[in-house]
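Novice: got a structure for you, letters missing:
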């Protein structure tokens, strides 16, 4: 899997993702990951930062509210369009651009810090993205990122329940399997079942064009 394929998959899903995330369906981001990430973040007021893989810009805006001067990139143009629209509606001084985290279009030593909220694991070469982040950092700068732990995203994962519906165990398989990237299909767990017939799963979209 290369950057162009990753970009295509994210662009296909970006509109639905932005709409559902802004409706509060991404509870793991809003209630767990982002609060924990910000709690661990060093003071950034007055610093210049880059957010890599910014999505529709929600987390970048949180960084700006903490006083940082933010730039942000995402590989999906639709995400950047939504992020820019929010910036126009409520300006925080953020510059959003379409860009690839593995090939940053910024000069060396450009930023005081770089963040990546749950984005590195979706890049074909995370090590390359980290090298790029290090390149654009000034001396004494820092990188902070969050990713899925492999134990939560193996090839096979199933919740095992008893007859009453109580969770008894998590069944996993393929934990040590290697792959050249795979594309999963899923809904936000908070999407009501009644809505799942109306909204396609996130994942690869089948083209209807001839």
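Specialist: The structure has been received and is ready for your questions. Predicted model only: the values in this text are computed from it and were never measured.
Novice: surely residue 70 is in contact with residue 95?
Specialist: Yes. Counting by C-beta atoms under 8 Å, residue 95 is a contact partner of residue 70 at 7.4 Å. In short, each C-beta sits where N, CA and C put it, glycine included.
Novice: of those two, which one has the most company?
Specialist: Using other C-beta atoms under 10 Å, the more surrounded residue of residue 70 and residue 95 is residue 70, with 28 against 13.
Novice: distance of residue 10 from residue 69?
Specialist: Computed with C-beta to C-beta, to the nearest Å, the distance linking residue 10 and residue 69 is 26 Å.
Novice: which one's more surrounded, those two?
Specialist: residue 10 (21 against 18).
Novice: SS state for the more buried one?
Specialist: helix (DSSP: H, G, I helix; E, B strand; the rest coil).
Novice: same question for residue 96.
Specialist: The assignment at residue 96 comes out as strand when based on three-state DSSP.
Novice: what's around it, how many residues?
Specialist: Around residue 96 there are 24 residues (other C-beta under 10 Å).
Novice: so which strand or helix has residue 112?
Specialist: Here residue 112, judged by DSSP states H and E, is contained in strand 111-117.
Novice: avg pLDDT for that strand?
Specialist: On average, the pLDDT along strand 111-117 is 98.
Novice: ok, stretch 165-174 next?
Specialist: Average pLDDT, stretch 165-174: 86.
Novice: ok, and what's touching it?
Specialist: Residues outside stretch 165-174 that contact it (C-beta atoms under 8 Å, 6 or more residues apart in numbering): 151, 154, 155, 156, 157, 158, 159, 160, 161, 162.
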